[in-house]
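1. Got a predicted model here, sequence first, then my questions.
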Amino acid sequence: MMARKKINKLHSDRRAENRAVMRFLLRGVAGVAMIALAVWGVLEIQSNETLPIQNVEVRGEFSKVTEQQIQTVVSQNKLHGFFSTDVDAITDSMRKIPWLETITVRRVWPDTLQLTVTERKAIARWNSSTLLAVNGALFNPKVESYPEGLPKLFGPKGTEHSLLRNYITMSANLKRLELQIEELIMDERRAWAVKLTDGTTLNLGRKQTNERLQRFVDIYKNFTVANKEKPAVIDLRYTNGFAIRWEKSLKETAIKAQLG
């Protein structure tokens, strides 16, 4: 009896071991199958034929760039499947359009590529060959796309932000006189000059430029009423006064300003 029990127990232990091995093998096979299925799914999703992009939607307000121009740049990239299309490459190619400031490219389920763009706003021409945006960035679109009537800022390389700040400050000051800046110039010596749209040039020098411009604003109406001639050049580089060269007579008059 004892021998038979031992044999039965041995057979039972072997069957348990076999079942454990089978369970282990089945788990291994299931794991491999799941991994294989996951790999297949990833490859299928990334396939160029899976959910191909059918539509390109452009959003944003723009006047210097056309939707057709944007669509053309997008079409130069390969539009594949929903997941496989390279949105970063499309974004980079869009940045080559000078008038575009910001570009956002995203996928919209199930077959659309959505582009949201904003256009640069030009505030001035920079050194005759470039445009200056309201945020101080320089950009180079085609000359025929330049807006008309932009003021011109001239200065050494790297001074565009300084000129832009001064242009904004000076324009606000001159607006009270209904005068506008046509050109704002900083030369290599960092001396400033302002040419107004009425043809008058203001020499402000290198120091106290805003104070000197304020002096001009304070006395402008007084000497324009008293003189029939229009000034050609007003030199404000004096401590207590200024010099005027008149447009017609071309003679220079020194005037001492009695200020406050």
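-> Perfect, I can see it now.

2. From now on I want contacts and neighbour counts done on CA atoms only, so please keep to that.
-> Fine.

3. In stretch 215-233, which residues are buried?
-> Arg215, Phe216, Val217, Lys230, Pro231, Ala232, Val233 (16 or more other C-alpha atoms under 10 Å).

4. same thing with stretch 57-68?
-> Neighbour-count burial for stretch 57-68, with 16+ other C-alpha under 10 Å as criterion, is recorded at Val58, Val65.

5. Just the terminal-to-terminal distance for that stretch.
-> For stretch 57-68, the first-to-last residue distance is 11 Å (C-alpha to C-alpha, to the nearest Å).

6. can you give me the mean pLDDT across it?
-> Here stretch 57-68 scores 91 as its mean pLDDT.

7. Redo the buried residues of stretch 215-233 as a markdown table? Include secondary structure and pLDDT.
-> Shown next, in a markdown table, are the buried residues of stretch 215-233 (DSSP: H, G, I helix; E, B strand; the rest coil; pLDDT from 0 to 100):
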| residue | secondary structure | pLDDT |
| --- | --- | --- |
| Arg215 | helix | 90 |
| Phe216 | helix | 91 |
| Val217 | helix | 91 |
| Lys230 | coil | 79 |
| Pro231 | strand | 85 |
| Ala232 | strand | 90 |
| Val233 | strand | 93 |
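
8. and Thr130, what does it touch?
-> Taking C-alpha atoms under 8 Å, 6 or more residues apart in numbering, we find Thr130 in contact with Leu138, Phe139, Asn140, Pro141.

9. Check the spacing between the nearest residue to the second one once chain neighbours are set aside and Lys78 real quick.
-> The one in question is Phe139. Spatial nearest neighbour of Phe139, chain neighbours left out: Leu131 (5.5 Å); criterion: C-alpha to C-alpha, 6 or more residues apart in numbering. As defined by C-alpha to C-alpha, Leu131 lies at a distance of 32 Å from Lys78.

10. Between those two, which is the more surrounded one?
-> Legend: neighbour count by other C-alpha atoms under 10 Å for Leu131 and Lys78, higher for Leu131 (25 against 13).

11. hang on, the more buried one is in a strand, isn't it?
-> Yes: the assignment for Leu131 (DSSP: H, G, I helix; E, B strand; the rest coil) places it in a strand.

12. what's it in contact with, if anything?
-> Neighbours of Leu131 in contact, by C-alpha under 8 Å, 6+ apart: Ala122, Ile123, Ala124, Arg125, Leu138, Phe139, Asn140, Pro141, Tyr146.

13. Would you list the buried entries among these?
-> Taking 16+ other C-alpha under 10 Å as the criterion, what is buried in the contacts of Leu131 is Ala122, Ile123, Ala124, Arg125, Leu138, Phe139, Tyr146.

14. Of these, which belong to strands?
-> Ala122, Ile123, Ala124, Arg125, Leu138, Phe139 (DSSP state E).

15. Now those residues in TSV, please, with extra columns for distance to Arg237.
-> What follows is these, written out as TSV (distance: C-alpha to C-alpha, whole Å):
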residue	distance to Arg237
Ala122	32
Ile123	28
Ala124	26
Arg125	27
Leu138	31
Phe139	34
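
16. Now render those as CSV, adding pLDDT.
-> Rendered in CSV, the data for these read as follows (pLDDT from 0 to 100):
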residue, pLDDT
Ala122, 97
Ile123, 97
Ala124, 97
Arg125, 97
Leu138, 96
Phe139, 96
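
17. between these, which is nearest Ile181?
-> Of all these, Ala124 has the smallest distance to Ile181: 10.6 Å, by C-alpha to C-alpha.

18. my read: the closest one touches Pro151, true?
-> Yes: with contact defined as C-alpha atoms under 8 Å, Ala124 counts as touching Pro151 (5.1 Å).
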